[in-house]
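Provided below are the primary sequence and the corresponding predicted coordinates.
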Amino acid sequence: MRYLKVFAALLIVLAMLIPLAAVRSDAASASERQYFLETIGPMATQNMRDTGILASLTIAQGIYESGWGTSFMAKNLNNLFGIKAYAPGWTGKVYNRKTGKIYTNFEDARNKMGDLYDLYISHFFRVYDSWQESVDDHSRLFTTMSRYENLIGLTDYELACHYVMQDGYCDTPGYDEELISIIRSFKLYQYDVYDGIHSVEMNVDRLTLVTGGTVRVYPTFVADEGITVYPQYTSSDTSVATVDGNGVITGIKQGPAVITVSTTNGRSDSCIVYVHDSNVVLRSAVTTSGVNCRSEPYDTGGSATVIGSFTKNTQLVVFGDAVRTKWHLVAGYGSNGSLLFGYSHSSYYTIGDEFIGDTPVEPEESSAEESSEPPEESSEPPEESSEESSEESSVPVPEEEGLYIGSVSGDLNCRKGPSLDDGSYGVFAKGSTVLVIGAAVNTRWYYCAGMSKGGAFMEGYAGFMTSSGLTTYITIIGNFTDTYGAPLEIEDGYVSGIGENCTVSELASRMKYASLTVLAPTGAELGDNDTIVTGCTVKFEWCGKAYLTKTAVIRGDVNCDGKIDSADCALIKKAATGTVTLTGANREAARFTGGEDITIDDYTALRLYVAGK
């Protein structure tokens, strides 16, 4: 029995050491993700208005900690963020992970747990009545604890993710980068609300659309400089018409639907779309007196068939010819303000001409100073004079598989595909720089990477190049790996030209555009003051993402110890005489004179170099 007690005690101790792990953020189904975003998204946006804590940060932490609301704590405790409970600060309901029970408060837990209370004191978690309470308490934690004050009012979600980890919220390695990845992957920055969006205009009031057809609306937004607008579109009746994230409306069946565009700070505007079958003609009408609107084309059903009523002088849209002689299918706003679609008797309205809806007009290209809307790229390249052509001919044009840096000459859409018809991820700001990846696509588009005006990372197609191969929106200003001073030599899988005793910070300071992460031959990440040796992995990064990875070669550092000395000379001599065989980075480092093979010339040159040090 004594051994059983000891074994049980050991199990308890081990259990206390096991942390409560977050549920994997990719484990939820598509429907679970959609429900989570539709539920938590508006909560987090409103919470950001009230507290200044970024909605994208709140949602990302909720996804990470609760696995899209599928974790035990999210489902049973409404605790989305795994927030622990400590006395006396928390006075609400608590859950103890060891006992698996919920208690009214800490006093209730002490009374019911007895001696186990002190033993399990570090395993209490907060219990909420709803997800809304969990979201509110999460932000309250950030706004009342001084160590999190750097999060209040922050608009850069990447910085917020780094800060929340530095402030001590979580010490799991890579936690901040995981949050950033979640925000980017699911575009959670769309839920961040900014006061700089002043108005939105749909620019159309009434549209007509044939069943199965599509039409796109082009709202106009007025926003402060530097603010990126992420519009959200909704349909009042998706069984009649749907609308996607780019404002493309699709007719599903006959009837009216209200299409609304809204911004993250509550600005919105709407239009009505009347969907009709191809053989149905729409006509205008106006009521001459009050009239009921019914679900059936007759009044024998009495009040049971009445779905609403129109007042005198109401504008109606009539769908096709009369049925049962005097009844028409009509649409219009009822006396209570709701949109009605049903049958009314023609004795109570006058039918006029064919109903013609508005025509959406795609906004013309304009400069950032003339319009707050991101300009649409022109469908035709501008004509170039011979003087301009000769002037531009000196600009480098990307070669296949190249990585180049481009300067954006005006606000420019980053599109999902190489076409003006493809939707936009966001806008590259005028004057910003982007990474140009590879050769032109469809002869006219660059695949680019960079930061949007709103601070979000984007990869997509931009540029719209002329037929001569020169873009009208992006000017290539250099190679991704350009340096100040001596250039790097990048060939096959290696990068050389780094130099002996070069530290990570020294190499990083030489780079014009790329940032660096360097790993030791063992795989561990080097610090700024660590020396780069042969065999290190050098990652050339843009906006935090590695686009080029090469193995470092320090000519002469054959044994990868970071020093060029007599030991390296001995290895080169053995390789030149065939005593040993060098491969990989070691072989590249031994080719001290740059020849194809390792020869006595390499040995002699290195001996002279070492002797002269």
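Received it, and whenever you're ready, just let me know what you need.

Which residues are in contact with residue 76?
Contacts here follow Cβ atoms under 8 Å, 6 or more residues apart in numbering; on that basis residue 76 touches residue 95. In this view, the C-beta of every residue, glycine as well, is placed from N, C-alpha and C.

er, residue 340 actually
293, 307-308, 310, 330-334.

now the residues you listed as TSV including secondary structure?
Formatted as TSV, these follow (DSSP: H, G, I helix; E, B strand; the rest coil):
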residue	secondary structure
293	strand
307	strand
308	strand
310	strand
330	strand
331	strand
332	strand
333	strand
334	coil
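
okay if I get those residues as a markdown table plus neighbour count and distance to residue 78?
Converted to a markdown table, the contacts of residue 340 look like this (neighbours: other Cβ atoms under 10 Å; distance: Cβ to Cβ, whole Å):
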| residue | neighbour count | distance to residue 78 |
| --- | --- | --- |
| 293 | 23 | 43 |
| 307 | 15 | 39 |
| 308 | 18 | 40 |
| 310 | 25 | 46 |
| 330 | 25 | 47 |
| 331 | 23 | 43 |
| 332 | 23 | 44 |
| 333 | 17 | 40 |
| 334 | 17 | 40 |
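
Identify the farthest-apart pair in these.
Greatest spatial distance among those (Cβ to Cβ): 307 and 333, at 13.0 Å.

which SS state does residue 112 fall under?
Per three-state DSSP, residue 112 ends up helix.

show me where this protein has helices.
2-17, 30-51, 55-66, 72-76, 106-113, 116-119, 131-144, 157-166, 175-185, 386-392, 504-510, 566-576, 584-590, 600-611 (DSSP state H).

Quick one: the ones you listed as a markdown table, columns for mean pLDDT and distance to residue 492 too.
Converted to a markdown table, the helices of the chain look like this (pLDDT from 0 to 100; distance: least, Cβ to Cβ, whole Å):
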| stretch | mean pLDDT | distance to residue 492 |
| --- | --- | --- |
| helix 2-17 | 40 | 48 |
| helix 30-51 | 89 | 42 |
| helix 55-66 | 94 | 39 |
| helix 72-76 | 93 | 50 |
| helix 106-113 | 94 | 64 |
| helix 116-119 | 92 | 61 |
| helix 131-144 | 92 | 49 |
| helix 157-166 | 91 | 34 |
| helix 175-185 | 92 | 30 |
| helix 386-392 | 32 | 33 |
| helix 504-510 | 92 | 20 |
| helix 566-576 | 90 | 19 |
| helix 584-590 | 90 | 9 |
| helix 600-611 | 87 | 19 |
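
quick check: domain ranges of the protein?
15-85+127-191, 197-276, 282-354, 392-479, 489-552, 566-611 (automatic domain parsing).

for the longest one, the distance to its chain's centre please.
The chain centroid and the centroid of domain 15-85+127-191 are separated by 16 Å, computed with Cα atoms, centre = their mean, to the nearest Å.

Over to the fifth one?
The chain centre lies 28 Å from the centre of domain 489-552; the measure is Cα atoms, centre = their mean.

same question, the fourth one
Relative to the mean C-alpha coordinate of its chain, domain 392-479 is positioned 19 Å out (Cα atoms, centre = their mean).

which one of the domains of the chain lies closest to residue 116?
Here domain 15-85+127-191 is closest among those (Cβ to Cβ), at 11.8 Å.

any low-confidence regions in the stretch 451-600 of the chain?
Where the stretch 451-600 of the chain drops to pLDDT under 70, the residues are 464-472.

Show me where it has its strands.
Using DSSP state E, counting those that start in this stretch, the strands of the stretch 451-600 of the chain run over 457-462, 474-479, 489-491, 494-496, 515-519, 537-542, 545-552.

quick one: residue 180 and residue 162, what's the gap?
Distance, residue 180 to residue 162, using Cβ to Cβ, to the nearest Å: 8 Å.

make that residue 131, sorry
Counting by Cβ to Cβ, the gap from residue 131 to residue 162 is 26 Å.

what's the burial count for residue 239?
When neighbours are defined as other Cβ atoms under 10 Å, residue 239 has 10 of them.

need the contact list for it.
252-253, 255.

so residue 274 sits right up against residue 208, yeah?
Yes: counting by Cβ atoms under 8 Å, residue 208 is a contact partner of residue 274 at 5.1 Å.

overlap in contacts of these two?
282, 355, 357.

buried subset of these?
Neighbour-count burial (16 or more other Cβ atoms under 10 Å) applied to those gives 282, 355, 357.

would TSV of these with pLDDT and distance to residue 436 be doable?
Listed next are these as TSV, based on pLDDT from 0 to 100; distance: Cβ to Cβ, whole Å:
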residue	pLDDT	distance to residue 436
282	96	49
355	93	49
357	89	42
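
Which single one of those residues is nearest to residue 74?
In terms of Cβ to Cβ, no member of those lies closer to residue 74 than residue 357, at 45.8 Å.

what's the burial count for the closest residue to that closest one other than its chain neighbours?
Excluding the flanking residues, the one nearest residue 357 by Cβ to Cβ, 6 or more residues apart in numbering is residue 208, at 3.8 Å. As a burial measure, residue 208 scores 20 neighbours (other Cβ under 10 Å).

show me what contacts the residue lying closest to residue 70 once chain neighbours are set aside?
Once flanking residues are discounted, residue 70 sits nearest to residue 28: 5.2 Å by Cβ to Cβ, 6+ apart. Applying Cβ under 8 Å, 6+ apart to residue 28 gives the contacts 36, 67-70.

returning to what we had before: so which of residue 131 and residue 162 has more stuff around it?
residue 131 (19 against 16).

Tell me the spacing between the more buried one and residue 73.
Taking Cβ to Cβ, one finds residue 131 at 11 Å from residue 73.

any shared contact partners between these two?
residue 80.

Local confidence estimate at the nearest residue to residue 480 once chain neighbours are set aside?
Nearest non-adjacent residue to residue 480, counting by Cβ to Cβ, 6+ apart: residue 403, 3.7 Å away. Residue 403 carries a pLDDT value of 90.

surely residue 403 meets residue 439?
No: counting by Cβ under 8 Å, residue 403 sits too far from residue 439 to count as a contact (11.2 Å).

More neighbours: which of those two?
Higher neighbour count among residue 403 and residue 439: residue 403, with 19 against 15, using other Cβ under 10 Å.

Beta-bridge partners for the more buried one, please?
residue 437 (DSSP bridges).

what is residue 519 paired to in the beta sheet?
Going by DSSP bridges, residue 519 forms beta bridges with residue 525, residue 537.

Who are the contact partners of the residue nearest to residue 127 when sequence neighbours are not counted?
Leaving aside its chain neighbours, residue 127 sits nearest to residue 93 (3.8 Å; criterion: Cβ to Cβ, 6+ apart). Residues counted as contacts of residue 93 (Cβ under 8 Å, 6+ apart) are 102-105, 126-128.

Run a quick check on residue 109 versus residue 96, I expect a contact.
Yes: counting by Cβ under 8 Å, residue 96 is a contact partner of residue 109 at 6.4 Å.

Quick check: neighbours shared by the two?
With Cβ under 8 Å, 6+ apart, residue 109 and residue 96 have common neighbours 103, 124.

ok, these two, which is more surrounded?
In this view residue 109 and residue 96 are compared by other Cβ under 10 Å, and residue 109 has more residues nearby, 24 against 21.
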